[in-house]
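>>> okay, structure incoming, though there's no sequence with it:
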């Protein structure tokens, strides 16, 4: 559990709320089924995390917040917003130093956004890239975490 800041520093509180909302949104996104109330909470907490990361985060924090938004909107819509966020995320993480688990997530969410927005070829391509990226993950725990999101992506 996160410890709340002991000071009145606004930046510390932004970081606290960014982390708290981020963690809750990812927790909800990983659930195989959610209630309507949980969907609303997931959407709200993902956007809240993005607002707080934009206020105090690094460019990496902001890119990860956008990845979370791509994941959430791939689950809930609208499809075009999911696609736009997935494209932005793909560009942000298209670097040689991106960790393998993060690359796998990028492909998963790009495939999901392509699927729900009716982009057949990008869906096929990213789905195949996601499968390959997941298979190459050395850490079984990383693989399990990414697979929990991948099972929600429709097959091409």
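Cool, the structure landed. Here the structure is a predicted model, which means the values were calculated and not measured.
>>> look up the closest residue to residue 12, ignoring the ones flanking it.
Of all residues not flanking residue 12 in the chain, residue 5 sits nearest, at 3.8 Å (CB to CB, 6 or more residues apart in numbering). C-beta here means a position set from N, CA and C on the backbone, and glycine is covered the same way.
>>> the one you found against residue 14, yeah?
No. Counting by CB atoms under 8 Å, residue 5 stays clear of residue 14, with 9.6 Å between them.
>>> of those two, who's got more company?
Taking neighbours as other CB atoms under 10 Å, residue 5 and residue 14 compare with residue 14 leading, 18 against 15.
>>> for the more buried one, pull up the helix or strand it's in.
Per DSSP states H and E, residue 14 falls inside helix 10-29.
>>> which element follows that helix toward the C-terminus?
helix 36-56.
>>> for this protein, which spans come out with low pLDDT?
Along the chain, the model assigns pLDDT under 70 to residues 1.
>>> point to the residue nearest the middle of it.
Centroid check for the chain by CA atoms, centre = their mean gives residue 68 as the closest residue, at 2.7 Å.
>>> three-state assignment of it?
Classification of residue 68 by DSSP: H, G, I helix; E, B strand; the rest coil places it in helix.
>>> returning to that earlier point: how distant is the helix holding residue 14 from the center of its chain?
Put simply, helix 10-29 sits 13 Å off its chain's centre (CA atoms, centre = their mean, to the nearest Å).
>>> do stretch 3-22 as well
21 Å.
>>> what residues sit buried inside that stretch?
For stretch 3-22, burial by neighbour count (16 or more other CB atoms under 10 Å) applies to 13-22.
>>> ok, and the closest non-adjacent residue to residue 74?
In space, residue 74 is closest to residue 112, 3.8 Å off (CB to CB, 6+ apart).
>>> show me what contacts the one you found?
71, 74-75, 82, 86, 152-154 (CB atoms under 8 Å, 6 or more residues apart in numbering).
>>> one step back: the residue nearest to the centre of the chain contacts residue 28, doesn't it?
No. At 10.5 Å, residue 68 does not count as touching residue 28 under the criterion of CB under 8 Å.
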